[in-house]
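In: give me the fold of what follows.
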Amino acid sequence: MARTNLEPRGGPAESEQDRIEAAYARRRPNERYAASDPANLFMLQETERRLLKLLRHQGLMPLRDKRILEIGCGSGYWLREFVKWGADATQVAGVDLLSNRIAAAKSVSPRNIQLVRGDGADLPFGNGQFDLVGQFTVFTSILDFELKRRVAQEALRVLKPRGLIVWYDFLIASPHNGDVRAVRRREIKELFPGCSITLFRDTLAPPLARLTAPRSWLLCALLDSIPLFRTHYLGAIRRP
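Out: Okay, here's the model as predicted:
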C-alpha cells in the first residue's frame, strides 16, 4: 500500500494528534497499573496467555526469526515481552507519538530494540518489512476515523504479504474517560477492508478484577471464563 495514498499532514488529523498528546499529558501515574497490583497482574497474565496461544495458532511461533513492530509502544512493555518470548531484540521496533514514552521505553528496554518517536499514520519504515505488527489500545485513543484509517493503512503497508497484525483494544468504552472510544467489530472491518479478521473477547472488566483479585484469584478466573465479562478484543488480522 503506497504511502502516497495518505493525505498530507495538517487539518483535522493533525489537531487530533495534538488532542492525543494533550490527553496523555494530563494522565498521572496510577498504582492500579503497577505490576504489583493484583488486578493488573491478573489481567496482564491472562492477556499474555491468550496472546501466546494466538501466535501459536497463527504460525508465528517461534519468534526468533520474526521482525516485529509495535505501533504506539508506550514504555515498551509488549516489546520486552516479545523479546522474552524469543524474539531477537535487533528485529524488534516500536513507534510512539510521545517523546517521553519513548524515553521511558529506552530506559528499561534492551539497547538493541529500535525505538522511534513517530506518527502511526506515517511510519518511518519501508513496505513489507514486518512479520508481525502489534497495536495495544491505540485505536481507542484516536477519536477521528480518518486518522484511524491512515494508521490502519500504514500497518498494512509495512506488513509482509503473509504477516500478521495483532489487535488488542477496548470493545466497551470506559464511562470515566472521554479521551477514548470503544472500537467494535464492524469498525475494525471498515478499517481493514477485505482482510481476514479473527477476534475474541479478552480481559476481565477492570472493576470486577479490582474487586476480586485481592481476595480470590480463583473467583477472578471463574469470572474471566465468562466472555460477557471481558471488555477487550484480542485478535489477528491478515490480508486475504
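In: what lies in contact with stretch 17-35?
Out: The contact list for stretch 17-35 (CB atoms under 8 Å, 6 or more residues apart in numbering) reads 37, 39-41, 44, 97-98, 101, 119, 121, 141-143, 147, 179, 206, 210. Glycine gets a C-beta too; all of them are placed from N, C-alpha and C.
In: out of those, which are buried?
Out: Buried members of the contacts of stretch 17-35, counted by 16 or more other CB atoms under 10 Å: Asp37, Ala39, Asn40, Leu44, Leu97, Arg101, Asp119, Ala121, Ser141, Ile142, Leu147, Arg210.
In: for Ser75, give me its contacts.
Out: Contact analysis of Ser75 by CB under 8 Å, 6+ apart lists Arg101, Ala104, Ala105, Val108.
In: ok, it to Ala155 distance?
Out: As for Ser75, its distance to Ala155 is 21 Å (criterion: CB to CB, to the nearest Å).
In: and the most far-flung residue of the chain relative to its centre, helix, strand or coil?
Out: Residue farthest from the centre of the chain, counting by CA atoms, centre = their mean, is Arg215 at 29.3 Å. Under DSSP: H, G, I helix; E, B strand; the rest coil, Arg215 falls in the coil class.
In: residues contacting the residue positioned nearest the centre of the chain?
Out: The chain has Phe136 as the residue nearest its centroid, 1.3 Å off, counting by CA atoms, centre = their mean. If a contact means CB under 8 Å, 6+ apart, then Phe136 has Glu70, Gly72, Gly74, Trp78, Tyr168, Asp169 as its contacts.
In: which ones among those residues map onto helices?
Out: Trp78 (DSSP state H).
In: looking at the contacts of Phe136, which are in strands?
Out: Judged by DSSP state E, the subset of those located in strands is Glu70, Tyr168, Asp169.
In: buried stuff in the lengthiest helix in the chain?
Out: Taking DSSP H as the criterion, the chain has its longest helix at helix 38-57. For helix 38-57, the neighbour count (16+ other CB under 10 Å) marks Ala39, Asn40, Phe42, Met43, Leu44, Glu46, Thr47, Arg50, Leu51, Leu54, Leu55 as buried.
In: can you check stretch 78-91 too?
Out: Quick answer for stretch 78-91 (16+ other CB under 10 Å): Trp78, Leu79, Arg80, Glu81, Phe82, Val83, Ala87, Asp88, Ala89, Gln91.
In: cool, and stretch 147-165?
Out: 147-160, 163-165.
In: repeat for stretch 125-134
Out: Phe125, Gln129, Phe130, Asp131, Leu132, Val133, Gly134.
In: what pLDDT does the model give the third one?
Out: Per-residue confidence (pLDDT) for Phe130: 98.
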